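> model the following, please.
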Amino acid sequence: MTTMHEPLDTAPTPLTTPSARHGGVLFGVYVGVGLLLIALNLRMGVASVGPVLPAIERDLGIPSAAAGLLTTIPVFAFGAFAFLTPTLTRRIGLHRLLALTMVVVAVGIGTRLLDSPVALFGGTVLVGAGIAVANVCMPAVIKQDFAHRLSLMMGLYSTALFVGAAAAAAFTVPLMTALDGSWRGALAFWAVPAVLALLVWLPRAVRGSASVAGTPGDAIAEPRDEPRMSVLLRDPVAWAVTVFMGLQSLSYYAALTWIPTMLQDAGVPLADAGLLLSYSSFPGVAAALLAPMMLRRIRPTWLPVLLSTLLCAAGLIGLLVVPGGVAPWVWMTLLGLGQGTAITLSLTYIVLRAPDAAHTAHLSTMAQGIGYLLAGFGPIGLGILHAAVGGWALPVAALVLLLGVQSVAGAAASRERHVRAGGR
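So this is what the prediction gives:
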């Protein structure tokens, strides 16, 4: 591996680079807006399902366990389909592939309009597949097109993920009400932002040979420099990034799935429990914006990781010990801040621990492929543990214990060094 001190932002692109010849600042702003519109869609198709699950159960006559698969299938899909990305990138090109993911997401969301449980679950798999590939592509595109503005773009990217999830969670039920109780129509609405992102991104996809940062657009590496996954699988830096990515995702999706039930068991009304969960996205957005600044300015490098772990642990323990009154708002604020910091750190480490866009793409594949497969077991494992003991003390203790492991992995990922270069 290569050990070095890497600043989060490098020097601005000089005027003689290809980016200046292809529109300079305006072109860069356009590409940035396109990427953020795509990022908004990387959680909408998933977060929109939870609020209407009761309506889906009643309409289709399926048990809660089967309906719950609609929220767990996408997480496993994020992991499983991520491994297709390197092959697809070589055949289609990075920027064109990102456009194709929006087509798949829009088609998957639209498929849910069909009056069939098979279409509902099949569409959900398509949504997860499209998001999985886009998840992997985004860090590589940012590394390539915005190497001179990494902190800004990674902060905005993470913020867009939270905003998209919060918007889908907040507006799906009102949409269903406005559409005369049609949960299918409410879910299908979220294809509109995906189509919009596709239309905005298409010129960039067609113009794949031009890069904002002055490197070849879709050809992210020469064959002789192509990193091998087998090399990354033996690299401790790559594994630190992967474990941190996986465990912070596991904690997030486990909390997303079970905190409303945990609050209801403590006597909190259903409406308030849902509102508290939605509210946690707002401190998450703030943390996503601030985390890149912490990466630049706070030393030692593991301190932001420790802070995110302590915030999450305090929020979870607080919800267990003092779930009544105004206290849950405090705990969800702490949890949102911790989760927002953790997801931003995990995505940013994918970019910073790779020396170039090619290695970023492969590290992103490993971290998000293995990481999301691991994360998918979080909601399932927590549910099994809760059913076995009949309470929430042990499940919360298990999550806090995993947060400790997450902190160790994050501290290792925070060290300023690169993964091994393939073939060397």
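> what's the burial count for A388?
Using other C-beta atoms under 10 Å, A388 has 10 other residues around it. All C-beta atoms are positioned from the backbone trio N, CA, C, and that covers glycine.
> does it count as helix, strand or coil?
Three-state assignment for A388 (DSSP: H, G, I helix; E, B strand; the rest coil): helix.
> for it, give me the pLDDT.
Confidence at A388, expressed as pLDDT, is 91.
> tell me which residues in stretch 161-178 are buried?
Neighbour-count burial for stretch 161-178, counted by 16 or more other C-beta atoms under 10 Å, picks out 161-173, 175-176.
> make that stretch 233-247, sorry
Buried residues in stretch 233-247, counting neighbours by 16+ other C-beta under 10 Å, are found at D235, V237, A238, W239, A240, V241, T242, V243, F244, M245, G246, L247.
> in this structure the second one contacts A413, no?
Spelled out, that is V237. Yes: shown here, V237 and A413 form a contact pair, counting by C-beta atoms under 8 Å, at 7.3 Å.
> how near is the nearest residue to F282 once chain neighbours are set aside to M153?
Using C-beta to C-beta, 6 or more residues apart in numbering and skipping residues adjacent in sequence, the residue nearest F282 is G336, 6.7 Å away. Distance of G336 to M153, computed by C-beta to C-beta, to the nearest Å: 22 Å.
> the stretch 151-300 of the chain: helices as residue ranges?
Taking DSSP state H, counting those that start in this stretch to define them, one finds helices in the stretch 151-300 of the chain at 183-188, 191-206, 229-232, 236-265, 270-279, 281-297.
> any chance of those in TSV, plus mean pLDDT?
As requested, these are exported to TSV (pLDDT from 0 to 100):
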stretch	mean pLDDT
helix 183-188	94
helix 191-206	96
helix 229-232	81
helix 236-265	92
helix 270-279	80
helix 281-297	86
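> for D356, which of those helices is the nearest?
Comparison of the helices of the stretch 151-300 of the chain against D356 by C-beta to C-beta identifies helix 229-232 as nearest, at 13.7 Å.
> which helices and strands does the closest one pack with?
Under the contact criterion of 3 or more C-beta pairs under 8 Å, 6 or more residues apart in numbering; DSSP states H and E, helix 229-232 touches helix 357-389.
> got the angle for the helix it packs on vs helix 236-265?
For helix 357-389 against helix 236-265, the angle by axes from the mean of the first three to the mean of the last three C-alpha atoms, to 10 degrees is 40 degrees.
> after the helix or strand of the chain with the lowest mean pLDDT comes which helix or strand?
Each helix and strand of the chain was given a mean pLDDT (mean pLDDT, DSSP states H and E); the minimum falls on helix 18-21 at a mean of 38. For helix 18-21, the following helix or strand on the C-terminal side (DSSP states H and E) is helix 24-47.
> low-confidence ranges, the stretch 301-424 of the chain, go.
Regions of the stretch 301-424 of the chain meeting the criterion pLDDT under 70 cover residues 421-424.
> A197 contacts I38, doesn't it?
Yes: using C-beta under 8 Å, A197 is in contact with I38, at 4.8 Å.
> find residues that contact each of the two.
Residues within reach of A197 and of I38 at once, by C-beta atoms under 8 Å, 6 or more residues apart in numbering, are M102.
> which among the helices of the stretch 151-300 of the chain is found nearest to V136?
With respect to V136, and counting by C-beta to C-beta, the nearest of these is helix 236-265 at 11.5 Å.
> just checking the distance from that closest one to the centre of its chain.
Computed by C-alpha atoms, centre = their mean, to the nearest Å, the chain-centroid distance of helix 236-265 equals 11 Å.
> what of stretch 33-49?
10 Å.
> so what's Y349 up against?
Neighbour list for Y349: V241, F244, M245, G410, A413, S414 [criterion: C-beta under 8 Å, 6+ apart].
> apply 7 Å and report the result again.
Each residue near Y349 by C-beta atoms under 7 Å, 6 or more residues apart in numbering is listed here: V241, F244, A413, S414.
> repeat that for I343.
Contacts of I343 by C-beta under 7 Å, 6+ apart are S158, Q248, Y252.
> repeat for G274
Contacts of G274 (C-beta under 7 Å, 6+ apart): P260.
> quick check: it vs G336, distance?
Distance of G274 to G336, computed by C-beta to C-beta: 15 Å.
> same check, this time on H148
30 Å.
> who has more neighbours, these two?
Neighbours were counted for H148 and for G336 using other C-beta under 10 Å; G336 has more, 26 against 19.
> tell me which of the helices of the stretch 151-300 of the chain lies nearest to Q406.
Nearest of the helices of the stretch 151-300 of the chain to Q406, taken as C-beta to C-beta: helix 236-265 at 3.8 Å.
> show me where the stretch 1-150 of the chain has its strands.
In the stretch 1-150 of the chain, the strands defined using DSSP state E, counting those that start in this stretch lie at 2-3.
> which stretches of it have low pLDDT?
Using pLDDT under 70, the stretch 1-150 of the chain drops low at 1-23.
> show me what contacts the closest residue to K143 other than its chain neighbours?
Among residues not flanking K143 along the chain, T360 sits closest, at 4.2 Å (C-beta to C-beta, 6+ apart). By C-beta under 7 Å, 6+ apart, the residues touching T360 are P139, A140, K143, I350, V351, A354.
> so the third one makes contact with A357?
To tie it back to what came earlier, the one meant is K143. Yes: assessed by C-beta atoms under 7 Å, K143 is found in contact with A357 at 4.8 Å.
> of those two, who's got more company?
Neighbours were counted for K143 and for A357 using other C-beta under 10 Å; K143 has more, 28 against 25.
> give the contact list for the residue nearest to F282.
G336 makes contact with S280, S281, F282, P283, G284, according to C-beta under 7 Å, 6+ apart.
> make TSV out of these and add neighbour count and distance to R204.
Formatted as TSV, these follow (neighbours: other C-beta atoms under 10 Å; distance: C-beta to C-beta, whole Å):
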residue	neighbour count	distance to R204
S280	26	33
S281	24	28
F282	17	31
P283	22	32
G284	30	28
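> relative to L290, how far out is A80?
33 Å.
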